[in-house]
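Visitor: Structure of the sequence below:
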Amino acid sequence: MGEVTSLWVFGYGSLVWKPGFQHGQTAIGYVEGLARRFWQGNETHRGVPGKPGRVATLVEEQGEVTHGIAMELKGEEALDYLNNREMTLGGYLQKITQFHATEKDIPPFPVLVFVATPQSKHWLGPADSQYLAKQVVSSSGPSGHNVEYVIKLAQWLRKTFPEVVDEHLYSLETQVLAEVEIQGLCLNCLLGDELQDPAPAAVTAPAHLSNPPTRQTTYCANLTVKSLRCVKL
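Guide: Numbers count the residues shown, from 1 in each chain. This is a model prediction of the structure:
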């Protein structure tokens, strides 16, 4: 394994299944004291001006953990892409937090994370899962339908961390699937052409309510963090 770069980013939303940039090594794991919530609006990727979709952010909440993936950034182009995608277009801010890898021999290390706050112009705030689901099902943007964002994130999390139950995400997923069925919509059409392993059982009944699939093993399992420097933001 080559030398580790100084900057990694933590993905907890669409970055986990659609990073959109060339990255280096990856490691799966979690961050502490932060909860994934669909409280941020989006008018550039999963919605349009005047009709925003709902996307994930992280909010400070003691005792909570959020699972996702850390990705090594290689070159200024990757950071520039993320800054434009998350900050300029998405209304997120940068912060640094500690990442805890699933692999026990990897010590915690700092990662860049993009979070939205109530000060963001796109902030929509809390709502119950039924309300969120109706908004998700009625929203679409240049990057695809809002349903795709929610379902593929839930599918990735379930496959990668079958023992983890993200109540907020999975409750929203269940409500979204119910709303799609109520409206008689084509789920696969909403998920787009990139759907992989459709798994009918996961479409009709989320796997956390039945038998979870086998855990993915496609991520770096032998990462050794030699040195990581703080980044000036």
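Visitor: Reduced to three states, what does the nearest residue to V115 once chain neighbours are set aside come out as?
Guide: Computed as CB to CB, 6 or more residues apart in numbering, the closest residue to V115 that is not its neighbour in sequence is L58, at 4.7 Å. All C-beta spots, glycine's among them, are computed from the backbone N, C-alpha and C. Of the three states, L58 takes strand under DSSP: H, G, I helix; E, B strand; the rest coil.
Visitor: count of residues packed around L58?
Guide: For L58, the count of nearby residues is 27 (other CB atoms under 10 Å).
Visitor: Quick one: residues contacting it.
Guide: By CB atoms under 8 Å, 6 or more residues apart in numbering, the contact set of L58 is 12, 31, 34-37, 66, 113, 115.
Visitor: Okay, strands next: where are they in the protein?
Guide: 8-11, 23-42, 53-73, 93-101, 109-115, 140-141, 144-145 (DSSP state E).
Visitor: chain center to the longest one: distance?
Guide: Read that as strand 53-73. Here strand 53-73 is found 7 Å from its chain centre; the criterion is CA atoms, centre = their mean, to the nearest Å.
Visitor: What of the second one?
Guide: In terms of CA atoms, centre = their mean, the gap separating the centre of strand 23-42 from the centre of its chain is 6 Å.
Visitor: Alpha carbons of it, as PDB, please.
Guide: Taking C-alpha atoms only, strand 23-42 is exported to PDB below (Å, rounded to 0.1, in the frame of the first residue of the first chain):
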ATOM      1  CA  HIS A  23     -10.400   8.800  -4.900                       C
ATOM      2  CA  GLY A  24      -7.600   6.800  -3.400                       C
ATOM      3  CA  GLN A  25      -8.000   4.200  -0.700                       C
ATOM      4  CA  THR A  26     -11.300   3.700   1.200                       C
ATOM      5  CA  ALA A  27     -12.200   2.500   4.700                       C
ATOM      6  CA  ILE A  28     -15.600   1.800   6.200                       C
ATOM      7  CA  GLY A  29     -16.500   2.900   9.700                       C
ATOM      8  CA  TYR A  30     -18.300   5.600  11.600                       C
ATOM      9  CA  VAL A  31     -18.100   9.000  13.300                       C
ATOM     10  CA  GLU A  32     -19.400   9.700  16.800                       C
ATOM     11  CA  GLY A  33     -21.600  12.400  18.200                       C
ATOM     12  CA  LEU A  34     -23.300  13.000  14.900                       C
ATOM     13  CA  ALA A  35     -26.600  11.800  13.600                       C
ATOM     14  CA  ARG A  36     -27.700  11.400  10.000                       C
ATOM     15  CA  ARG A  37     -30.900  13.400   9.300                       C
ATOM     16  CA  PHE A  38     -32.800  14.300   6.200                       C
ATOM     17  CA  TRP A  39     -33.200  17.900   7.200                       C
ATOM     18  CA  GLN A  40     -31.400  19.600   4.300                       C
ATOM     19  CA  GLY A  41     -33.100  20.800   1.100                       C
ATOM     20  CA  ASN A  42     -31.600  20.500  -2.300                       C
END
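Visitor: Give me the mean pLDDT for that strand.
Guide: The average pLDDT within strand 23-42 is 94.
Visitor: picking up where we left off before, now the residue nearest to V115: how far from Y149?
Guide: Note on L58: its distance to Y149, by CB to CB, to the nearest Å, is 16 Å.
Visitor: just R158 next, same as before
Guide: Distance from R158 to Y149, by CB to CB: 15 Å.
Visitor: so where's this structure shaky on pLDDT?
Guide: 1-6, 75-91, 193-233 (pLDDT under 70).
Visitor: quick one: the helices in it?
Guide: 76-82, 129-137, 146-160, 167-182, 187-191, 200-204 (DSSP state H).
Visitor: contacting residues for Q130?
Guide: With CB under 8 Å, 6+ apart, Q130 has these contacts: Q175.
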